[in-house]
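# Below: sequence and its predicted model.
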Number of protein chains: 2
Amino acid sequence: MTISVRTFLSVVLSTALIIILSACGGSDNSSTQGAAAEQQTFKWKLVTTWPKNFPGLGVAPENFATLVDRMSNGRLKVKVYAAGEIVPALEVFSAVSSGTAEMGHGAAYYWKGKIPAAPFFTSVPFGLNAQEMNGWLHHGGGLELWRELYAPFNLVPMAGGNTGIQMGGWFNKELNSIDDFKGLKMRIPGLGGEVFTRAGGTAVNMPGGEIFTSLQTGVIDAAEWVAPYNDLAFGFHNVAKYYYYPGWQEPGPTLELIINKSAYDSLPDDLVAIVEAAARTINQDMLDKYTSRNNAALIELEKSGVELRRYPDEVIKRLRETAQQVMAENVANDAMFKKIYTSYDAYRQQVIAYHKISEEAYFDIRND
Amino acid sequence: MTISVRTFLSVVLSTALIIILSACGGSDNSSTQGAAAEQQTFKWKLVTTWPKNFPGLGVAPENFATLVDRMSNGRLKVKVYAAGEIVPALEVFSAVSSGTAEMGHGAAYYWKGKIPAAPFFTSVPFGLNAQEMNGWLHHGGGLELWRELYAPFNLVPMAGGNTGIQMGGWFNKELNSIDDFKGLKMRIPGLGGEVFTRAGGTAVNMPGGEIFTSLQTGVIDAAEWVAPYNDLAFGFHNVAKYYYYPGWQEPGPTLELIINKSAYDSLPDDLVAIVEAAARTINQDMLDKYTSRNNAALIELEKSGVELRRYPDEVIKRLRETAQQVMAENVANDAMFKKIYTSYDAYRQQVIAYHKISEEAYFDIRND
């Protein structure tokens, strides 16, 4: 039996090809997606509820996109759209649910009309602060409940930022008793809004980009947005005089990244890991930034004539009682609200107990 | 001129090898590192100052390794070693500096003997809490100063965890006045240790794995380690009776990941981004975990007979004054200490001012 040089070459080359490809592609059979999927490039749209590059909130999804691009070596390209560029701010949820965009960035409590329990994943009046919220989400069962809540909408949510405790809002009159809420129309979303309405006011939900004009034209009388760093950027000090604290309505609001489930499932495992780690990164980075920027902004606001006011104890007491009623009613009316409340409230009680002797006790001893 | 079959084969195979390798490595010219580097596999050793898989502290570098492996699709493999497996706990810094291992996980204040300013990057008595520390590092100039401080040692540091405020330590006698520190030998590292010594005690630095036996055999009289979740794991309640709070000595300790500079520089940009994001992820995840686990552990400790004690106000007052003296002396003695103190203290003053009306004010109103 003879073989030609050509045949011999062919056999040698084929063998070499297999050896080399398996060496450079890795021979790990545990990868279910395989080399082809790993090298596939994805181009995603990310719609947001924020004005373009708005400090903190609008910058976070841009940072997410940059980080994912770098980590994936360009295999996952995410283009960020401001509110109104593809869909209005308050249609982000529907757009990602339907697949118009693969991702969205906003706040869960904007979807309260559709999903009563959604506000748990932003912030609860008199509830968890930022550190506690992150603990509940990532090591207290919160994230699993959030994913269960959004599953019927074909969405995978994750934490995508936290502002730290917000301010109590902008008013043009002083608040001396709970009766001063009567007749006030205030931009205040989520469960804080329900409490405000129950306390005699009228709560309105509107995206950030509409607040200034609404305050200026008298469409609303008061508004809470975020904290000095962000409130200064919108210029609320030009249309309101009193700046109240502390933000009982949003003690540690989480922002959300939502991903269309089908898009999420199409990613190979390494890109899933990259997306989750990039989300975790912006989640922490936003809090780091607000923590670092708020005081300088507050000084600037005070220089411009804003008067800082602490909510009177009596008003806080009434708001706290009202918040308890609002929570109880929602628990009675909605099964998922009840299920999530059970987890949230158990977590809240134990973390408050520990923080009394740790974080809270420390604030007491730090200063003379 | 004739060529043999052997020579011909050799040329064909070499050419095929180049074509195939360049095809499977991608042909993106925008990457400065090139295709070869992108597909290169790295195998790194990560040495730690912790016992194997110790809750929180020892698990964090394992989580880091798993996440990097997933995100890089196996291109960066990091093997984690417990204290003593390759080098003893307190030789981690030297081992990574010299390149014996590419990475290390520990706490910056362990290297105070070598670098007086290192403790800024763990925790400062009466200084920043966890949220504030992360703010200073990532948006207040802290990380840049840390990298400057470690550059002469061929090391790139980054935050790799935070326990939240620690407890004030384990004692076998009650503390009624600062005089009760006299003659006490306590495991308490860093600047907290300097303050303790100045207050009349004797501070000792030793890795976690040696504390229990040292307490049991009377080598030391007292010890601070972390917080209930970790202190329970070491069983200190079996050898000490009183558990003091709050942890004035470490209000928000950062753990560190250190990378040998030459190893860091050898990574292509996507792996650098992956390493940084994985570090950021474990940095947040550790805090989330402690926040979620400490209270249950504290309840268990109290059930076992541990008596919880608050540091008397008078003792705290003296410790605070002593801490100010210790800081002032270090500022006078070391140029880098002074440079970093200037940044840290300016940050501390402004963040305290803002947290008085936000995080701190919120703790006041949350409970009736």
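Here it is on my side, so go on.
# By residue count, which helix of chain A is the longest?
Using DSSP state H, we find that the single longest helix of chain A is helix A:269-303.
# Where does pLDDT dip in chain A?
A:1-38, A:368 (pLDDT under 70).
# and the residue nearest in space to the middle of chain A, what is it in contact with?
Computing the C-alpha centroid of chain A and ranking residues by C-alpha atoms, centre = their mean puts A:Leu255 first, at 0.7 Å. Under the criterion of C-beta atoms under 8 Å, 6 or more residues apart in numbering or on different chains, the neighbours of A:Leu255 are A:57, A:60, A:105-107, A:122, A:159-163, A:283, A:286. The C-beta positions use only the backbone N, C-alpha and C, and glycine is treated the same way.
# Mind doing that once more with 6 Å?
Applying C-beta atoms under 6 Å, 6 or more residues apart in numbering or on different chains, we find A:Leu255 in contact with A:Ala107, A:Gly160, A:Gly161.
# Next, count neighbours for the nearest residue to the first one once chain neighbours are set aside.
Closest residue to A:Ala107 apart from its sequence neighbours, by C-beta to C-beta, 6 or more residues apart in numbering or on different chains: A:Thr122 at 4.8 Å. For A:Thr122, the tally of surrounding residues (other C-beta atoms under 10 Å in any protein chain shown) stands at 25.
# if I look at A:Thr122, how far off is A:Asn205?
12 Å (C-beta to C-beta, to the nearest Å).
# do the same with A:Ser343
25 Å.
# A:Pro312 now?
Distance from A:Pro312 to A:Asn205, by C-beta to C-beta: 26 Å.
# ditto for A:Ser97
For A:Ser97, the distance to A:Asn205 - C-beta to C-beta - is 19 Å.
# Ok, A:Val156 next?
Relative to A:Asn205, and taking C-beta to C-beta, A:Val156 is found at 24 Å.
# who's more crowded, the two?
Using other C-beta under 10 Å as the criterion, A:Val156 and A:Asn205 rank with A:Val156 on top: 23 against 14.
# Looks to me like the more buried one is in a strand.
Yes - assignment of A:Val156 by DSSP: H, G, I helix; E, B strand; the rest coil places it within a strand.
# circling back to that earlier point, so the residue nearest to the centre of chain A, which state does it fall into?
strand.
# Point me to the helix or strand that includes the closest residue to it other than its chain neighbours.
Closest residue in space to A:Leu255, ignoring its immediate chain neighbours: A:Gly161 at 3.6 Å, by C-beta to C-beta, 6+ apart. Under the criterion of DSSP states H and E, A:Gly161 resides in strand A:155-162.
# before we move on, what about A:Ile258?
strand A:254-260.
# What pairs with that strand, parallel or antiparallel?
Paired with strand A:254-260 in the same sheet, following DSSP bridges, are strand A:103-106 (antiparallel), strand A:155-162 (antiparallel).
# Can you name the element that comes right after the longest helix of chain A?
strand A:307-310.
# can you dump the C-alpha coordinates of that next one into PDB?
Once non-C-alpha atoms are left out, strand A:307-310 reads as follows in PDB (Å, rounded to 0.1, in the frame of the first residue of the first chain):
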ATOM      1  CA  GLU A 307     -33.000  77.000  53.900                       C
ATOM      2  CA  LEU A 308     -32.300  73.600  55.300                       C
ATOM      3  CA  ARG A 309     -35.100  72.300  57.500                       C
ATOM      4  CA  ARG A 310     -35.500  69.200  59.600                       C
END
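# Determine how far the helix or strand that it is followed by lies from the middle of the whole chain.
Going down the chain from strand A:307-310, the next helix or strand is helix A:313-333, by DSSP H and E. The chain centroid and the centroid of helix A:313-333 are separated by 24 Å under C-alpha atoms, centre = their mean, to the nearest Å.
# Check which helices and strands helix A:313-333 sits against.
On a contact count with 3 or more C-beta pairs under 6 Å, 6 or more residues apart in numbering or on different chains; DSSP states H and E, helix A:313-333 meets helix A:190-198, helix A:335-357.
# Convert stretch A:269-289 to PDB, retaining C-alpha atoms only.
Written as PDB, here are the backbone C-alpha positions of stretch A:269-289 (Å, rounded to 0.1, in the frame of the first residue of the first chain):
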ATOM      1  CA  ASP A 269     -21.900  32.200  30.400                       C
ATOM      2  CA  ASP A 270     -18.800  34.400  30.400                       C
ATOM      3  CA  LEU A 271     -20.900  37.400  29.200                       C
ATOM      4  CA  VAL A 272     -23.600  36.700  31.800                       C
ATOM      5  CA  ALA A 273     -20.900  36.900  34.400                       C
ATOM      6  CA  ILE A 274     -19.500  40.100  32.900                       C
ATOM      7  CA  VAL A 275     -23.000  41.700  32.900                       C
ATOM      8  CA  GLU A 276     -23.600  40.700  36.500                       C
ATOM      9  CA  ALA A 277     -20.200  42.000  37.700                       C
ATOM     10  CA  ALA A 278     -20.600  45.300  35.700                       C
ATOM     11  CA  ALA A 279     -24.000  45.800  37.300                       C
ATOM     12  CA  ARG A 280     -22.500  45.100  40.800                       C
ATOM     13  CA  THR A 281     -19.700  47.600  40.000                       C
ATOM     14  CA  ILE A 282     -22.000  50.500  39.000                       C
ATOM     15  CA  ASN A 283     -24.300  49.600  41.900                       C
ATOM     16  CA  GLN A 284     -21.500  50.300  44.300                       C
ATOM     17  CA  ASP A 285     -19.900  53.100  42.300                       C
ATOM     18  CA  MET A 286     -23.000  55.200  42.300                       C
ATOM     19  CA  LEU A 287     -23.200  55.100  46.100                       C
ATOM     20  CA  ASP A 288     -19.500  55.900  46.400                       C
ATOM     21  CA  LYS A 289     -20.000  59.000  44.200                       C
END
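# neighbouring contacts of that stretch?
Contacts for stretch A:269-289 (C-beta under 6 Å, 6+ apart): A:56, A:60, A:63-64, A:67-68, A:71-72, A:76, A:130, A:158-162, A:164, A:257, B:70-71, B:73, B:134-135, B:138-139, B:277, B:280-281, B:284.
# ditto for stretch A:340-353
Residues contacting stretch A:340-353 (C-beta under 6 Å, 6+ apart): A:Ala117, A:Phe120, A:Glu132, A:Trp136, A:Gly140, A:Gly141, A:Leu145, A:Val331, B:Asn295.
# Farthest pair within those residues?
A:Ala117 and B:Asn295 (24.7 Å; C-beta to C-beta).
# how many other residues sit next to the residue nearest to A:Trp50 when sequence neighbours are not counted?
Among residues not flanking A:Trp50 along the chain, A:Gly58 sits closest, at 3.8 Å (C-beta to C-beta, 6+ apart). Neighbourhood size, A:Gly58 [other C-beta under 10 Å]: 21.
# So which elements touch the helix or strand hosting A:Leu67?
Using DSSP H and E, A:Leu67 sits in helix A:59-71. Helix A:59-71 sits against strand A:76-81, helix A:269-303, helix B:269-303, with contacts defined as 3+ C-beta pairs under 6 Å, 6+ apart.
# Using a markdown table, lay out the ones you listed together with mean neighbour count.
Putting the helices and strands packed on helix A:59-71 into a markdown table (neighbours: other C-beta atoms under 10 Å in any protein chain shown) gives the following:
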| stretch | mean neighbour count |
| --- | --- |
| strand A:76-81 | 20 |
| helix A:269-303 | 23 |
| helix B:269-303 | 23 |
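# Could you point out which of these sits nearest B:Trp50?
helix B:269-303 (11.8 Å).
# Tell me how far the closest one lies from the chain's centre.
That offset, for helix B:269-303, works out to 11 Å (C-alpha atoms, centre = their mean).
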